[in-house]
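Peer 1: Need a 3D model of the following:
(one chain, ligands or ions: 1)
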Amino acid sequence: MDIATLKQTALAMVASGKGILAADESSKTIQKRFDKIGIQSTPDTNIAYRKMLFSADGVEDYVSGVILYDETIRQNIDGVSVPKYLENKGILPGIKVDKGALDLANFPEEKVTEGLDGLRARLTEYKELGAKFAKWRAVITIGSGIPTDLCIEANAEVLARYAALCQEQDIVPIVEPEVLMDADNTIEVCREVTTKTLKKVFERLAAHKVVLEGMILKPNMVIAGKKCPVQAMPKEVAKATVETFLEVVPKIVPGIVFLSGGQSPDQATENLYEINLIPGSPWQLSYSYGRALQDEALTAWAGKDENVKKAQEAFLNRCKKVSLARSPG
Ligand code: 13P
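Peer 2: Below is the predicted model of the structure:
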């Protein structure tokens with residue numbers, strides 16, 4: 001493990017004014033996104049869509065890194081491999097390495113993320129293909145009697161094992177324990193669950209000797225569930241989010257990059273802005289958005305070549321707004 005390389009990559013991922021584009025939708029998820037614009041996902045349509053995003057002129061001013069899916073990291077854009085294409089633009093290529101959240105046996109409604117089997121060998125290959133960082137997403141669901149301690153523990157343990165394996169190969173792990181925002185819970189419940197989850201995650205990371213300076217945390221914001229009748233204002237979300245992290249995230253972690261989790265692009269932008277307005281955070285507070293960065297561009301693109309320019313404008317426009325939200329004032 002080369003700690004200097006890990007630190008350098010982690011800092012580059014959260015460089016000022018930049019964040020990460022999560023474009024690592026699995027085959028199933030990209031089809032779900034394409035359903036909205038009525039097109040079929042195939043390797044060709046997938047790369048056409050992603051080329052539209054990655055080739056947007058000046059995207060490198062707002063995007064430090066892109067999380068790729070296994071299919072994409074092996075594809076080409078204009079005759080150049082996707083990782084090389086991104087690197088030529090000064091963007092770090094990353095890779096989703098988990099194999100998805102599956103039902104946790106004996107714990108109805110709860111998930112555990114799989115993908116540790118063979119991970120060392122897969123990481124070796126991804127490194128050869130050019131990956132500088134990786135992502136693993138754990139899913140914590142809020143509901144009646146859940147999350148259970150067992151579910152949080154099981155997910156925290158695999159996140160830590162994944163992170164250690166990445167660092168062994170000088171790949172920066174993005175550690176993503178996502179507390180879902182879909183239920184009817186209040187912001188207070190989200191705060192409680194997020195606190196408990198992050199505490200356990202950092203406990204397991206320490207147990208596995210993960211170097212905190214060489215990782216990036218990708219959490220949810222502390223926010224009311226989408227079905228909660230009482231929605232918190234951005235200032236409240238920001239306050240609860242920063243307070244939660246100050247309580248449980250070690251200062252030495254270089255950056256926190258939020259997921260958007262189904263918030264609208266404006267909501268995800270506004271909340272990030274308010275979060276960054278609060279002074280005194282020891283970490284870079286940035287973004288690793290999937291839907292919030294892509295939704296407007298996807299709609300504008302609609303699967304048609306003639307819409308590429310319009311879609312890129314929508315994409316860059318959103319990237320710029322989110323980038324500005326990192327340094328308000
Ligand atoms: P969203 O921003 O759409 O939640 O996606 C981020 C991500 O990478 C989830 O794993």
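Peer 1: Mind listing what's buried along stretch 263-279?
Peer 2: For stretch 263-279, burial by neighbour count (16 or more other C-beta atoms under 10 Å) applies to 263, 265, 267-276, 278. Using the backbone N, CA and C atoms, a C-beta is placed for each residue, glycine as well.
Peer 1: So which of these sit within helices?
Peer 2: When DSSP state H is applied, the buried residues of stretch 263-279 are split such that 265, 267, 268, 269, 270, 271, 272, 273, 274, 275, 276 fall in helices.
Peer 1: which ones are touching the residue of the chain found nearest the ligand?
Peer 2: Evaluated by C-beta to the nearest ligand atom, the chain has residue 290 as its residue closest to the ligand, separated by 2.8 Å. Counting by C-beta atoms under 8 Å, 6 or more residues apart in numbering, residue 290 touches 21, 22, 23, 24, 25, 259, 260.
Peer 1: distance of it from residue 1?
Peer 2: 29 Å (C-beta to C-beta, to the nearest Å).
Peer 1: try residue 75
Peer 2: Counting by C-beta to C-beta, the gap from residue 75 to residue 1 is 30 Å.
Peer 1: With neighbour numbers in mind, choose between those two.
Peer 2: When residue 75 and residue 1 are compared for neighbours, residue 75 comes out ahead with 18 against 13, by other C-beta atoms under 10 Å.
Peer 1: Please give me every residue in contact with the more buried one.
Peer 2: Residues in contact with residue 75 (C-beta under 8 Å, 6+ apart) are 43, 46, 47, 50, 81, 82.
Peer 1: Quick check: pLDDT value at the fourth one.
Peer 2: Confidence per residue is given as pLDDT, and for residue 50 that number is 98.
Peer 1: What are the buried residues along the one helix or strand it maps to?
Peer 2: Residue 50 is located in helix 43-54, with elements delineated by DSSP states H and E. Residues 46, 47, 48, 49, 50, 51, 52, 53, 54 are the ones in helix 43-54 that count as buried (16+ other C-beta under 10 Å).
Peer 1: For the fourth one, which residues are in contact?
Peer 2: Spelled out, that is residue 49. With contacts taken as C-beta under 8 Å, 6+ apart, residue 49 has the following neighbours: 30, 34, 298, 301, 303.
Peer 1: The strand or helix carrying the third one relative to helix 43-54, how many degrees between them?
Peer 2: So the one you mean is residue 298. In this assignment (DSSP H and E), residue 298 forms part of helix 291-301. Helix 291-301 and helix 43-54 are oriented at 110 degrees to each other (axes from the mean of the first three to the mean of the last three C-alpha atoms, to 10 degrees).
Peer 1: For the helix or strand just after helix 291-301, which helices and strands make contact with it?
Peer 2: Remark: after helix 291-301, the chain's next helix or strand is helix 308-324, criterion DSSP H and E. For helix 308-324, the contact count by 3 or more C-beta pairs under 8 Å, 6 or more residues apart in numbering; DSSP states H and E identifies strand 19-22, helix 43-54, helix 265-277, helix 291-301 as packing neighbours.
Peer 1: Can you list the neighbours in contact with the first one?
Peer 2: Residues outside strand 19-22 that contact it (C-beta under 8 Å, 6+ apart): 13, 53, 59, 62-67, 94, 135, 174, 257, 259, 286-290, 293-294, 319, 322-323, 326.
Peer 1: now the strands for the stretch 1-150 of the chain?
Peer 2: 19-22, 63-68, 76-77, 80-81, 92-96, 101-103, 111-113, 133-140 (DSSP state E, counting those that start in this stretch).
Peer 1: TSV please, covering the ones you listed and showing mean pLDDT.
Peer 2: What follows is the strands of the stretch 1-150 of the chain, written out as TSV (pLDDT from 0 to 100):
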stretch	mean pLDDT
strand 19-22	98
strand 63-68	99
strand 76-77	98
strand 80-81	98
strand 92-96	99
strand 101-103	98
strand 111-113	98
strand 133-140	98
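Peer 1: Mean neighbour count and distance to the ligand added to the ones you listed, as CSV?
Peer 2: Listed next are these as CSV, based on neighbours: other C-beta atoms under 10 Å; distance: least, C-beta to the nearest ligand atom, whole Å:
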stretch, mean neighbour count, distance to the ligand
strand 19-22, 28, 3
strand 63-68, 28, 6
strand 76-77, 15, 21
strand 80-81, 14, 22
strand 92-96, 27, 8
strand 101-103, 14, 10
strand 111-113, 21, 10
strand 133-140, 25, 4
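Peer 1: which residues touch the spatially closest residue to residue 257 that is not a sequence neighbour?
Peer 2: Closest residue to residue 257 apart from its sequence neighbours, by C-beta to C-beta, 6 or more residues apart in numbering: residue 288 at 3.8 Å. For residue 288, the contacting residues are 19, 20, 21, 22, 67, 174, 216, 218, 257, 258, 259, by C-beta under 8 Å, 6+ apart.
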